[in-house]
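Trainee: the following comprises the amino acid sequence and a computationally predicted model.
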Amino acid sequence: MPSSSTSDSSGPKGWIAMGLVALALFGNFYVYDSVGPVAELLVQQLGFTDTQIGSLNAIYSIPNVVLIFVGGVLVDRFGAGRMLMLTGATCLLGAVVTATTPHFIPMAAGRLLFGIGAETFNIASLTAVTAWYPVRHTALMMGLTLGAGRVGSFAADLSPAWASWVYARGWQPPLVLSAVIAATSFVASAGYWWFERRYLGDRAREAHAAQPFSWRDALGFGVPYWYLLSLCVLWYAVMLAFRSTFAIKYFQQGHGLSLAAAGAINSYVFLAALFATPLFGWVCDRTGRYAGMLAFGALLLPVSLLVMSASTLGLGLGTVLIGISFSLVPAAMWPMVSRLVEPSRFGTAIGLMWVAQNAGIAGANLAAGWLNDVYGASAANPAGYKPMMTFFTGASALGFVFAVLLWRHRPGAAAPSLAEP
């Protein structure tokens, strides 16, 4: 747990630092979610299959099954600012490669490169928050910066409407637009690195001083941490494989919506999260009831999928429920990690979670694409999407089970109690 003797960096400098992190996350989230809106164009104009569409996001996750753990250790070793800048540059290069070719293999290589940088980028951003706000307002600041990332995803979903002239020119201009936005993320990351060195300096290095890595330390994180890791894998696998890869296509072909309407309704997820994530983070800081809020947020995901599967009339409500889930779970999950492990092990603990998480996301993307192809999911056969939705609902329900186990481990306890042996 963070030392109580460490005071938070409040005032203008802390807010400027968080503003730079927020801008960097905006661009990073936009690029990740840029595949969903262009998915049908890739099918129509380039002849991609659903398995290939799923692979474009699955391949983002595959290298992180190994590399993200290394990334967490590197963040602990070299600091948040430096790693934010280096991985921001890697993400920019990946976005550029993705946008320059109509062929699946090089396009997938670009997404692979983006994935190599993006997950370590996200660890570095969370570590940056704990460097400036290690004791008080941790969940609030994580909520605000993640909320800015959600704005990036929200903008990507709505891009067929606000950038309709870009989509009218085919599959490539929307991906070029995402590369331009990746460039703004890199600039913000480089700015944060300079700002951290200039104004945080030795205190950042002291708070997150690296120690030699030991598997014994990782395996000794405690039972609550492993429940949290299991929930993380299942919840994010369903959330990102559905919302970021197949949701827009499912709304178009499974429920007859236009591309603009499908993108708009999918954006409700982040419209809700934009406001709710900081609010729930503030509530977590005030009450300490992380586990109970986490369980409720996990429950909303399978409920929302059932609502959307029932009828077209349930799409709006279902996506709003997903948005609330997407606000509650991260608002409670990541601050809880910072209270379950030592500050010097925060990057390692997050990295270990994201190793498993990315394996789940990759598997869920590939499984969903395979199910759609096998059952012939299309506009002419909307029933072909039912196996995919059943798969997502079942996996998210299992995630809720782990959330309940975490909650019951210390019934009603605040996060500091969860960190006790």
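Mentor: Good, I have the coordinates. Numbers count the residues shown, from 1 in each chain.
Trainee: what's near enough to touch F121?
Mentor: A24, N28, M83, L84, T87, G88, T90, C91, S189 (Cβ atoms under 8 Å, 6 or more residues apart in numbering). The way it works is simple: take the backbone N, C-alpha and C, and place the C-beta from them, glycine included.
Trainee: helix or strand for it, which one?
Mentor: Using DSSP states H and E, F121 maps to helix 104-132.
Trainee: what's the angle between the next helix-or-strand element following that helix and helix 104-132?
Mentor: Once helix 104-132 ends, the next helix or strand along the chain (criterion: DSSP H and E) is helix 138-162. If you take axes from the mean of the first three to the mean of the last three Cα atoms, to 10 degrees, helix 138-162 sits at 150 degrees to helix 104-132.
Trainee: tell me which other helices or strands helix 138-162 touches.
Mentor: Helices and strands touching helix 138-162, by 3 or more Cβ pairs under 8 Å, 6 or more residues apart in numbering; DSSP states H and E, are helix 12-32, helix 35-46, helix 104-132, helix 164-167, helix 172-199, helix 259-287, helix 315-340.
Trainee: what residues does the second one touch?
Mentor: Taking Cβ under 8 Å, 6+ apart as the criterion, the residues outside helix 35-46 that touch it are 48-50, 52-53, 56-57, 102, 104, 111, 156-157, 159-160, 167, 170-171, 174-175, 243-249, 252, 259, 263, 266.
Trainee: among these, name the buried ones.
Mentor: Buried subset of the contacts of helix 35-46 (neighbour count, 16 or more other Cβ atoms under 10 Å): 48, 50, 52-53, 56-57, 104, 111, 156-157, 159-160, 167, 171, 174-175, 243-249, 252, 259, 263, 266.
Trainee: low-scoring stretches of the stretch 51-200 of the chain, by residue?
Mentor: The stretch 51-200 of the chain contains residues with pLDDT under 70 at 64, 134-136.
Trainee: ignore what I typed, I meant the stretch 201-350 of the chain.
Mentor: Applying pLDDT under 70 to the stretch 201-350 of the chain flags residues 201-220, 269-275, 277, 343-344, 347.
Trainee: swap the cut-off to 80 and go again
Mentor: Residue ranges of the stretch 201-350 of the chain with pLDDT under 80: 201-222, 244, 267-290, 311-314, 331, 334-335, 338-350.
Trainee: quick revisit: of all the helices and strands packed on helix 138-162, which lies closest to P224?
Mentor: Of all the helices and strands packed on helix 138-162, it is helix 315-340 that lies closest to P224, at 6.2 Å by Cβ to Cβ.
Trainee: list the buried ones in the closest one?
Mentor: The neighbour-count check on helix 315-340 (16+ other Cβ under 10 Å) flags 315, 318-340 as buried.
Trainee: after it, which helix or strand is next?
Mentor: Per DSSP H and E, the first helix or strand lying C-terminal to helix 315-340 is helix 346-374.
Trainee: tell me what that following helix is packed against?
Mentor: In this structure, helix 346-374 makes packing contacts with helix 50-61, helix 64-78, helix 104-132, helix 215-219, helix 223-240, helix 315-340, helix 386-409, judged by 3+ Cβ pairs under 8 Å, 6+ apart.
Trainee: and the second one, what other elements does it pack with?
Mentor: Same thing as helix 64-78. If contacts are counted by 3+ Cβ pairs under 8 Å, 6+ apart, helix 64-78 sits against helix 80-99, helix 104-132, helix 346-374.
Trainee: and stretch 389-406, what's its mean pLDDT?
Mentor: Stretch 389-406 shows a mean pLDDT of 94.
Trainee: other residues contacting it?
Mentor: Defining contact as Cβ under 8 Å, 6+ apart, one finds that stretch 389-406 is touched by 224, 227-228, 230-231, 233-235, 237-239, 241-242, 250, 291, 294-295, 297-299, 301-302, 305-306, 308-309, 364, 367-368, 371.
Trainee: torsion angles phi and psi at the residue nearest to A156 when sequence neighbours are not counted?
Mentor: Setting aside the residues directly before and after it, A156 is nearest to D33 in space (Cβ to Cβ, 6 or more residues apart in numbering), at 4.0 Å. Here is the backbone geometry of D33 (degrees, to the nearest 10): phi -90, psi 10.
Trainee: number of nearby residues for D33?
Mentor: By other Cβ atoms under 10 Å, the residues close to D33 number 28.
Trainee: just A310 next, same as before
Mentor: Neighbourhood size, A310 [other Cβ under 10 Å]: 12.
Trainee: how close does it sit to A332?
Mentor: Applying Cβ to Cβ, to the nearest Å, the value for A310 to A332 is 28 Å.
Trainee: equivalent analysis for G79, please.
Mentor: From G79 to A332 the distance is 26 Å (Cβ to Cβ).
Trainee: got it, and L340?
Mentor: Using Cβ to Cβ, one gets 12 Å for the distance from L340 to A332.
Trainee: what do you get for Q357?
Mentor: According to Cβ to Cβ, Q357 stands 16 Å off from A332.
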